[in-house]
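J.: sequence plus the predicted model coming up.
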Amino acid sequence: MKLNQKNSISFIFFSTLLSGCFNPFGIDLDSAKSDIAEEIYYNHLRSNYSSLSKNYTVDDKEFDINPLSLSVDYAVMGNCKSVFSISKEDVEKKEKAINLTYYAMSSTENIDKTAYIACIDRYLRTSELDAETLNNLTNDPDYSRMKLYSDFDNKIKEIKVDGKITLHETLELLSIMSNHTKEEKKQNYNSKVAAL
């Protein structure tokens with residue numbers, strides 16, 4: 001039996017469309033994996049360090065600035081995202097704006113994050129701080145003031161012993177800075193309330 005070429009091409013096109021490939025409404029697993037890898041990465045940092053970012057106010061608008069450079073973040077995620085896999089059932093497609101979508105973990109996701117998180121931790125503990133982040137850290141106006149706190153000063157002395165600073169140690173320093181800054185703000189607020 002001879003197949004009609006036109007009909008066979010139509011059949012291939014529609015079966016491909018129904019299977020999810022080339023489907024504008026389907027899930028792109030590569031994009032989903034990147035989005036979810038980023039979500040897991042930042043959630044892990046937030047849960048293990050009290051400071052992932054510092055608030056800055058510009059023209060009465062608040063912005064969060066990540067202390068690690070984006071190139072470092074992407075290097076960690078790029079290095080580690082190959083160690084976990086996802087399926088379409090783990091993913092939900094979300095809308096940011098018109099024609100702008102992203103992927104998030106579904107409420108029924110069953111992703112094994114253990115190897116990915118272990119890879120992130122290993123990368124942070126073994127990778128030295130890049131020059132851009134070191135400059136951001138030492139030029140931060142709070143950095144010199146924080147040396148007055150013994151826990152911060154002791155952490156710097158401990159870090160200097162081996163003559164290098166890792167990304168993990170940097171995040172520990174930033175966490176200490178964040179804790180003291182929050183405490184100072186709280187004390188300042190309480191002083192103003194008491195002065196009323």
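T.: That came in fine, so what should we check first?

J.: use CA for all of it now, contacts and neighbours both
T.: Noted.

J.: so where does the residue nearest in space to the middle of the chain fall, helix or strand?
T.: In the chain, the C-alpha closest to the average C-alpha coordinate belongs to Tyr42, at a distance of 2.9 Å (C-alpha atoms, centre = their mean). Applying DSSP states H and E as the criterion places Tyr42 in helix 29-48.

J.: just the mean pLDDT for that helix, thanks.
T.: Confidence for helix 29-48, expressed as mean pLDDT, is 85.

J.: in that helix, which residues are buried?
T.: Of the residues in helix 29-48, 32-38, 40-41, 45 count as buried by neighbour count, 16 or more other C-alpha atoms under 10 Å.

J.: okay, now the unreliable bits of the chain?
T.: For the chain, the stretches flagged by pLDDT under 70 are 1-26, 50-67, 97-99.

J.: repeat that with 50
T.: Within the chain, the set of residues satisfying pLDDT under 50 comprises 1-24.

J.: what about the helices in it?
T.: The residue ranges that make up the helices of the chain, judged by DSSP state H, are 5-19, 29-48, 70-80, 114-126, 131-138, 141-146, 150-160, 167-195.

J.: what's the closest of those helices to Ser87?
T.: Comparing these by their distance to Ser87 (C-alpha to C-alpha), the top pick is helix 29-48, with 7.5 Å.

J.: what's stretch 162-170 in contact with?
T.: Stretch 162-170 has contacts (C-alpha atoms under 8 Å, 6 or more residues apart in numbering) with 121, 124-129, 159.

J.: go with 10 Å
T.: With C-alpha atoms under 10 Å, 6 or more residues apart in numbering as the contact definition, stretch 162-170 has outside contacts at 45, 49, 67-68, 72, 121-130, 133-134, 137, 155-156, 158-159, 172-176.

J.: off-centre distance for it?
T.: Centroid displacement of stretch 162-170 relative to its chain, using C-alpha atoms, centre = their mean, to the nearest Å, is 19 Å.

J.: buried ones in that stretch?
T.: Applying 16+ other C-alpha under 10 Å to stretch 162-170 flags 165-170 as buried.

J.: which of those residues sits closest to Ala195?
T.: Scanning those for proximity to Ala195, where the rule is C-alpha to C-alpha, the winner is Thr170, at 37.4 Å.

J.: what separation do you get for the closest one and Cys119?
T.: 18 Å (C-alpha to C-alpha, to the nearest Å).

J.: and the gap between the residue lying closest to Ala32 once chain neighbours are set aside and Val91?
T.: Counting by C-alpha to C-alpha, 6 or more residues apart in numbering, the nearest residue to Ala32 once its immediate chain neighbours are dropped is Tyr103, at 5.1 Å. Look at Tyr103 and Val91: by C-alpha to C-alpha, they are 6 Å apart.
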